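> Predicted model, plus sequence, below.
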Amino acid sequence: MTGAAGEPGTGDGFQTMWRELAGIGRHAASGGYRRHAWTPADADCRAWFRAQAAARGLAYETDRNGNQWAWLGDPAAGGAVVTGSHLDSVPDGGAFDGPLGVVSAFAALDALHARGARPRRPLGIVNFTDEEGARFGLACVGSRLAAGQLPAADARALTGADGVTLARAMERAGQDPDAIGPDPERLARIGAFVELHVEQGRALDLVGAPVGVASAIWPHGRWRFDFRGEANHAGTTRLEDRRDPMLTYATTVLAARKKARLAGALATFGKVAVEPNGVNAIASLVRGWLDSRAPDEDTLAAVVAAIEQAAAERGARDGVRVDVTRESFTPVVEFAHELRDRLAALLGAGAPVPVLPTGAGHDAGILSAAVPTAMLFVRNPTGVSHSPAEHAAEDDCAAGVSALADVWEGLACR
């Protein structure tokens, strides 16, 4: 992205920040990002956030859960209007998911200053830690801890594929894992949280709008399927004598697609681990992780139950035992209607702003149980996300910054 667009504060400053972040954690071979929580790439992103706060004279702090905050005005005064997102990524993820919201927040503050607007309420910018859950398998760890939705002991025990626990990773990064836990006092300072995010779909592109307002987040969760068979020699074991969990897994993947399609839902096996994982060995264990989402909780429960049943039926035929463990679940999130409607009114003076649901989870969804929350989406012309092909045009990013500045001006300066 090069060049400048939009009002003062949304062009050159945005581009400079974007370029500074662009190289951090980028994998040379894939072109995607590997900014996983409590790694050196994450530390570099956190240093960038702190430098942006210092450059603007903002008060900076890291909370007990490792989330970063930058404040204009005294947050203890209460009623703060906060925006931000996250800087970590999925494995080989795109540049926009998360960072667009953080960069736009600093750019929107610059735009607000250029307008001469004077906030009457504290303004805050936040970088929530470990939103994607790429390293430890659980999404939105920083916001879940702050909102009291994740017990501290459970969080400390989360373990990555490298065998390192979250507690150990935090210690190595200089953060005290014994301090993590609910942070109701900090959340009580917030009068409204508005997260800007690149759209993870094509709804805005299809209606020709650069910016939209979120209505709700679909309920979603992650389930681990353990398919247990019997290891054996691939070259000597008759097909009739095999207990091959790979067959049961493969059939379950196909069943997940069918059950989701029939219900108007989504179901994806996106991660798999195999033991002993040898080319000439029949597997003893195939472990697959299911991500499923639906417009409502009853539909989601029905889809997952149907997938479990399909797995069990095929497992009985293959001589394979199937065990299913729910690892996470987030119920449907209806964003605060009054705040959502006010945002739509603030941004829709010239033309109505699209209001649309999303199937993706966000920190805003976690905070919604404790704080009035809303979301803005910036157009993604291809709809591709969690991929290096993820994209938003310069003009649309500028429109997002201007919209965020409008929101801050409308909620905190009038």
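The structure has been received and is ready for your questions. Numbering: from 1, shown residues only.

> Work out for me the element residue 31 sits within.
Using DSSP states H and E, residue 31 sits in no helix or strand.

> where does the closest residue to it other than its chain neighbours land on pLDDT?
In this structure, residue 31 finds its nearest non-sequential neighbour in residue 388, 4.2 Å apart by Cβ to Cβ, 6 or more residues apart in numbering. Yep, even glycine has a C-beta here, placed from its N, CA and C like the rest. Reading off the confidence values, residue 388 has pLDDT 94.

> distance of residue 388 from residue 218?
Relative to residue 218, residue 388 is positioned 25 Å away (Cβ to Cβ, to the nearest Å).

> who has more neighbours, these two?
Legend: neighbour count by other Cβ atoms under 10 Å for residue 388 and residue 218, higher for residue 218 (24 against 16).

> for the stretch 151-300 of the chain, what spans make up the helices?
Ranges of helices within the stretch 151-300 of the chain are 152-157, 166-172, 184-188, 203-207, 245-263, 297-318, based on DSSP state H, counting those that start in this stretch.

> who does the second one touch, helix- and strand-wise?
Using 3 or more Cβ pairs under 8 Å, 6 or more residues apart in numbering; DSSP states H and E as the contact criterion, the neighbours of helix 166-172 among helices and strands are helix 152-157.

> Show me which residues of the helix it packs on are buried.
By neighbour count with 16 or more other Cβ atoms under 10 Å, helix 152-157 contains the buried residues 152, 155-156.

> helix, strand or coil for residue 21?
helix (DSSP: H, G, I helix; E, B strand; the rest coil).

> Just confirm it contacts residue 47, I think it does.
No. The criterion here is Cβ atoms under 8 Å, and residue 21 misses it with residue 47 at 11.0 Å.

> Between these two, tell me which one has more neighbours.
Neighbours were counted for residue 21 and for residue 47 using other Cβ under 10 Å; residue 21 has more, 21 against 11.

> who's in contact with the more buried one?
Contact analysis of residue 21 by Cβ atoms under 8 Å, 6 or more residues apart in numbering lists 45, 48, 87, 95, 99, 103.

> measure it to residue 44 for me?
9 Å.

> just to revisit the earlier point, next, the contact list for the residue nearest to residue 31, please.
Counted by Cβ under 8 Å, 6+ apart, residue 388 has contacts 30-33, 92-95.

> Mean pLDDT added to the helices of the stretch 151-300 of the chain, as CSV?
Formatted as CSV, those follow (pLDDT from 0 to 100):
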stretch, mean pLDDT
helix 152-157, 97
helix 166-172, 98
helix 184-188, 96
helix 203-207, 93
helix 245-263, 98
helix 297-318, 98
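
> Now do the buried residues in stretch 316-328.
Residues 318-322, 328 are the ones in stretch 316-328 that count as buried (16+ other Cβ under 10 Å).

> That stretch: how far from the chain's middle?
Centroid separation between stretch 316-328 and its chain, computed with Cα atoms, centre = their mean, to the nearest Å, is 28 Å.
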